[in-house]
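Colleague: Can you look at this prediction? I've put the sequence above it.
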Amino acid sequence: MAKFISTVLIILILWIQYHIWYGKKGRQQLSELEVKIAEQKEFNHSLAAQNQHLKHEIYLMRNNPKVLEEKSREQLGLIKNGEIFYRIIPSDNN
């Protein structure tokens, strides 16, 4: 009887170990999730840096009229009264 119980316990331990290492939520999936978490943290860090840059740009536009003027000319094509706008279109000689 003791041999039977020992055999059952060994089989049970092996079955549990199999599921821990190779089962649906085993070590392999844990490793994959750790990689995904590291990638997500890196992505979040890059977004945080981008947000910081944008906050600094907003601060400059609110507190420095020259920066605001430069951005409006560059991105919106705005010109002052009395200025003449010249647009040069390169010829396509290919």
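Modeller: That came in fine, so what should we check first?

Colleague: the helices in this structure, which residues?
Modeller: For the chain, applying DSSP state H gives helices covering 2-22, 27-63, 65-71.

Colleague: deepest of those helices, which one?
Modeller: Of the helices of the chain, the one with the most neighbours on average (mean count of other Cβ atoms under 10 Å) is helix 65-71, at a mean of 12. Any C-beta I mention is one placed from the backbone N, CA and C, and that applies to glycine too.

Colleague: can you list contacts of that one?
Modeller: 60, 61, 62 (Cβ atoms under 8 Å, 6 or more residues apart in numbering).

Colleague: I'd like these laid out as a markdown table, including distance to residue 18 and pLDDT.
Modeller: Listed next are the contacts of helix 65-71 as a markdown table, based on distance: Cβ to Cβ, whole Å; pLDDT from 0 to 100:
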| residue | distance to residue 18 | pLDDT |
| --- | --- | --- |
| 60 | 60 | 93 |
| 61 | 61 | 90 |
| 62 | 62 | 92 |
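
Colleague: Nearest to residue 89 among the residues you listed?
Modeller: Proximity of the contacts of helix 65-71 to residue 89 (Cβ to Cβ) peaks at residue 61, which lies at 30.0 Å.

Colleague: How about that closest one: what's its closest non-neighbour residue?
Modeller: Distance criterion Cβ to Cβ, 6 or more residues apart in numbering; nearest residue to residue 61, sequence neighbours excluded, is residue 68 at 4.7 Å.
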